[in-house]
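Sequence and predicted model, in that order:
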Amino acid sequence: MSGASITAEPPVREAPPAGRDPGRWRQYGIAAIFLAPAAFFLIVWIIYPAIYTFVQSLFRGSGFGEFAGIDNYKALFTSDNLLTAIKNNAIWVAVVPAAVTAIGLLFAVLTERIRWSVAFKTVVFMPLAVSAFAAGVTWRIMYQQEPDRGAINAAIGSVQGVFSPAGVLSEAAPSSDQLKTTSGGGIQLANPISTGDVAKLGLTRIRSTEVPATAKQAVQPEPLQGGITGVVWRDFKPGGGTPGKVEQEELGLPGVTVEITNAQGDKVASAKSADDGTFAFKDLPEGQYTVGIGASTFAKPFGGVSWLGAKLITPAVIISYIWIWAGFSMVVIAAGLAAIPRETLEAARTDGATEWQVFRRVTVPQLMPVLSVVFITLLINVLKVFDIVIAVAPQSVQDDANVIALAMWRTSFGGVSDFGLGSAIAVFLFILVIPILALNIKRFRTEAA
Amino acid sequence: MTAATAEAQRPVGEEKFSTKLVRFLSKAPIQILLVVVGILWLVPTVGLFLTSLFSPTDINTLGWWEIFSKPSLATLDNYREIWHDQSIRSAFWTTVWISVGGTVLPIIVAALAGYAFAWLEFPGRDWIFIIVIALLVVPLQMALIPMFRLYSDVGIFDTKLSLILFHTGFGLPFAIFLLRNFFIGIPRELLEAARIDGASEFRIFFRLILPLGLPAIASLAIFQFLWTWNDLLVALSLARDTQPLTVAIFSQLRQFGNNLELIAPASFVSLIVPLAVFFAFQRYFVQGLLAGSVK
């Protein structure tokens, strides 16, 4: 191994005890003056409230009237609402820190070799400066269900539209009881007809915008010897008209695929209707046939994924959260990457390691401290996640999207004002972050030593 | 790459157009991937801005991408409208006041304490400092309920001051941590020279420490400003009519879908100020971030 020299750093001792002169007490006094404002704020705004909250959590409701013991803590694990919050927060903890660290690592490595990495980093980093709340509102606009308003569903819809396009007549329904809707979603004549008959397929509930511009006055075709003729038309005119009858001012529906099935249920033929709505099947063997329009004509357009519904809300919020934090992870890891001595990488390459091996065996192990910092930072933040959930999740699904910090706020300030239970939730949150506190102190002490 | 190194490499890299091409092609998939990712990352913010440009009649029915095909629909009317909207305008100034106060006050307090922890002698100094760092992880949820009570008792509930004081308290542990670590890197000789010259500790603090600590103070100021500007939880819990922008927007969210002409531009305003700060002081921002997390 080249270039790995061990330098024994002399332990740096801080400010040696400054003389035991009579000015010592004066110096303490000065220090006290410098520290007093900070002490005031830390005691009044952090230490006193922390003790207060702990005590409050042992009492029922608001105030210290009714001692509750650990009842509030029991409620944490018995109330459905709070259990959902804990469960959701567990999902957050399991998914987000790992995902954000991995994405950050990927971006950091990929940007290392491109020239415009600064531009890329700036773009990805930007959301971090913005409030999680405003970012949440931004995503809420993206997540709207109607594909003509919500960008994400619009994107999904346009991809899906290629593979399973919406039907020409998505809303149409039979105009009279001569027709019936099939179980598959198509529409067909209620009774089979014979060759030489005329099939009248009258449809209603068609918006005028859905009628193709080429449509002409509907025409009832002449019967055809040895075949079946028919018409598909919009069985509606201003004033209503008589259902089941082709009348003046009623338009034919062009381009509709009509299918014909024989008595055995086999599809025999299909034809497209003309501008006046007529169609014809020639040269059919004598017999009974069912005429109808296939389901694909009536296929509903893509209605949009319900991102903000009860089922998908947590994944939806998590995606927007990752959008915010990926930049943090990337920048911190990139700084770590830059600090890895080039020689170790070069040495590995000269020894014949592939790029992947170098990454896996040299880069990642050297990055471990940085990766764990990113991971832990995310862990703390995810435990306390609040703003983005309340911004993205509509009030109606906040029970489903609930997390611990949101439950704390809703219990204490969001209408209920159960300060006892709210305090218990806060203390629970605090207990969850204590292990991280211990870690922080350890890190500080190893640095100071 | 500097001009000098480019110059030095030219004789070597003069050759082959083909090698350059190969190098370019081998990187092309990565470049394309990163371009796509970059665009995806921009979409939500750009989408919010474009949404805010629709008139109230279009905004609740059209998707923002429609503006590319119908640019004539874009208008700044919504911004004019919210500027005349009394509640949004006062929310904006409330946010400005809280953010400025919530930045200046904790920095002054933390600088004093940071100096004491770095350069003054007193018993138990390191232990007290460890306690301060330990306070870093107390979630602010622990203080909401007691402060709600205390503020009511003292009579400052629902004031800008009460929010500024809260942000000061919870901003201090990180601020003290960051400034103490920066101050301790100031060369001892400078301080000792000043002390020998008979300068008082206060004089040293104002004339030496503060100017030298400016880079760290700048980083800290940016963080604290963004933190207070972006706050929702504290203001939502501890104030009723003193609404910063985030709370004002939040109270509109209940009717989401019918009032985008208000939500979208107001959100964009609440987002553009932090972005401007970020772009103006990017360097300090990243430095502060690395100091806060890596070190």
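Nice, thanks for sending it over.

alpha carbons only for contacts and neighbour counts from here, please
Noted.

ranges for the strands of the stretch 251-400 of chain A?
Assigned by DSSP state E, counting those that start in this stretch, the stretch 251-400 of chain A shows strands spanning A:257-262, A:267-272, A:278-281, A:288-293.

Do you know the pLDDT at B:Phe170?
pLDDT for B:Phe170: 95.

And the residue of chain B that's closest to chain A?
B:Gly63 (3.9 Å; CA to the nearest CA).

And the chain, what are its domain boundaries?
Assuming you mean chain A. According to automatic domain parsing, chain A comprises the domains A:57-147+A:307-448, A:173-298.

Sorry, I should have been clearer: chain B.
Domain assignment for chain B by automatic domain parsing gives B:16-78, B:85-293.

So for A:Ser372, which of these sits nearest?
Nearest of those to A:Ser372, taken as CA to CA: domain B:85-293 at 10.3 Å.

Name the residue of chain A that lies nearest to chain B.
Counting by CA to the nearest CA, chain A gets nearest chain B through A:Arg149, at 3.9 Å.

Count the neighbours of that residue for me.
A:Arg149 has 22 neighbouring residues, counting by other CA atoms under 10 Å in any protein chain shown.

Now distance to chain B too, for the strands of the stretch 251-400 of chain A, in JSON lines please.
Below are the strands of the stretch 251-400 of chain A laid out as JSON lines (distance: least, CA to the nearest CA, whole Å):
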{"stretch": "strand A:257-262", "distance to chain B": "32"}
{"stretch": "strand A:267-272", "distance to chain B": "34"}
{"stretch": "strand A:278-281", "distance to chain B": "37"}
{"stretch": "strand A:288-293", "distance to chain B": "33"}
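
By residue count, tell me the biggest helix in the chain.
This is for chain A. With residue count as the measure and DSSP state H as the assignment, chain A has helix A:80-111 as its longest helix.

that's the wrong chain, I meant chain B
When chain B is parsed with DSSP H, its longest helix is helix B:17-52.

For that helix, name the packing helices and strands.
helix A:117-125, helix A:132-142, helix B:260-280 (3 or more CA pairs under 8 Å, 6 or more residues apart in numbering or on different chains; DSSP states H and E).

one step back: would you turn the strands of the stretch 251-400 of chain A into JSON lines with distance to A:Ala50 and mean pLDDT?
Below are the strands of the stretch 251-400 of chain A laid out as JSON lines (distance: least, CA to CA, whole Å; pLDDT from 0 to 100):
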{"stretch": "strand A:257-262", "distance to A:Ala50": "72", "mean pLDDT": "86"}
{"stretch": "strand A:267-272", "distance to A:Ala50": "76", "mean pLDDT": "85"}
{"stretch": "strand A:278-281", "distance to A:Ala50": "81", "mean pLDDT": "89"}
{"stretch": "strand A:288-293", "distance to A:Ala50": "71", "mean pLDDT": "87"}
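
Output the ones you listed in JSON lines, with mean neighbour count and distance to A:Ser306 appended to each entry.
Below are the strands of the stretch 251-400 of chain A laid out as JSON lines (neighbours: other CA atoms under 10 Å in any protein chain shown; distance: least, CA to CA, whole Å):
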{"stretch": "strand A:257-262", "mean neighbour count": "19", "distance to A:Ser306": "32"}
{"stretch": "strand A:267-272", "mean neighbour count": "15", "distance to A:Ser306": "36"}
{"stretch": "strand A:278-281", "mean neighbour count": "23", "distance to A:Ser306": "40"}
{"stretch": "strand A:288-293", "mean neighbour count": "23", "distance to A:Ser306": "30"}
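
Give the residue spans of the stretch 251-400 of chain A that score low on pLDDT.
Residues of the stretch 251-400 of chain A meeting the criterion pLDDT under 70: none.

Which residue ranges of it form helices?
A:313-339, A:342-350, A:355-357, A:364-383, A:387-392, A:398-401 (DSSP state H, counting those that start in this stretch).

Switch those over to JSON lines; also include distance to A:Leu251.
Formatted as JSON lines, those follow (distance: least, CA to CA, whole Å):
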{"stretch": "helix A:313-339", "distance to A:Leu251": "45"}
{"stretch": "helix A:342-350", "distance to A:Leu251": "76"}
{"stretch": "helix A:355-357", "distance to A:Leu251": "67"}
{"stretch": "helix A:364-383", "distance to A:Leu251": "60"}
{"stretch": "helix A:387-392", "distance to A:Leu251": "47"}
{"stretch": "helix A:398-401", "distance to A:Leu251": "49"}
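
Ranking the ones you listed by mean neighbour count, which comes first?
Sort the helices of the stretch 251-400 of chain A by mean neighbour count, taking mean count of other CA atoms under 10 Å in any protein chain shown, and helix A:387-392 sits at the top with a mean of 25.

Need the CA coordinates for the helix or strand just after the longest helix of chain B. CSV is fine.
Next helix or strand after helix B:17-52 toward the C-terminus (DSSP states H and E): helix B:56-59. Provided in CSV are the C-alpha atoms of helix B:56-59 (Å, rounded to 0.1, in the frame of the first residue of the first chain):
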residue,chain,number,x,y,z
PRO,B,56,-58.3,32.2,-11.3
THR,B,57,-60.7,30.8,-13.9
ASP,B,58,-58.1,28.6,-15.6
ILE,B,59,-56.0,27.7,-12.5
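
Go through whichever helix or strand comes after helix B:56-59 and flag the buried ones.
Going down the chain from helix B:56-59, the next helix or strand is helix B:66-69, by DSSP H and E. Across helix B:66-69, burial judged by 16 or more other CA atoms under 10 Å in any protein chain shown covers B:Ile67.

Using CSV, write out every CA atom in helix B:66-69.
C-alpha atoms of helix B:66-69 as CSV (Å, rounded to 0.1, in the frame of the first residue of the first chain):
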residue,chain,number,x,y,z
GLU,B,66,-50.8,23.7,-20.9
ILE,B,67,-49.1,27.1,-20.6
PHE,B,68,-46.4,25.9,-23.1
SER,B,69,-49.1,25.6,-25.8
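
average pLDDT for the next helix or strand after it?
Of the helices and strands lying after helix B:66-69 in sequence (DSSP H and E), the nearest is helix B:77-84. The average pLDDT within helix B:77-84 is 90.

Can you mark which positions in helix B:77-84 are buried?
Buried, per 16+ other CA under 10 Å, within helix B:77-84: B:77-79, B:82-83.

export those residues to CSV and tack on distance to B:Gly213?
Listed next are these as CSV, based on distance: CA to CA, whole Å:
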residue, distance to B:Gly213
B:Asp77, 45
B:Asn78, 43
B:Tyr79, 40
B:Ile82, 40
B:Trp83, 39
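
Could you dump the residues you listed into a markdown table with distance to chain A added?
A markdown table is the format used below for the buried residues of helix B:77-84 (distance: CA to the nearest CA, whole Å):
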| residue | distance to chain A |
| --- | --- |
| B:Asp77 | 20 |
| B:Asn78 | 17 |
| B:Tyr79 | 16 |
| B:Ile82 | 16 |
| B:Trp83 | 18 |
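
List just the nearest of those to A:Gly327.
Checking the buried residues of helix B:77-84 against A:Gly327 with CA to CA, the nearest one is B:Tyr79 at 29.5 Å.

I'd guessed the closest one sits against B:Ala264; true?
No: the criterion here is CA atoms under 8 Å, and B:Tyr79 misses it with B:Ala264 at 9.6 Å.
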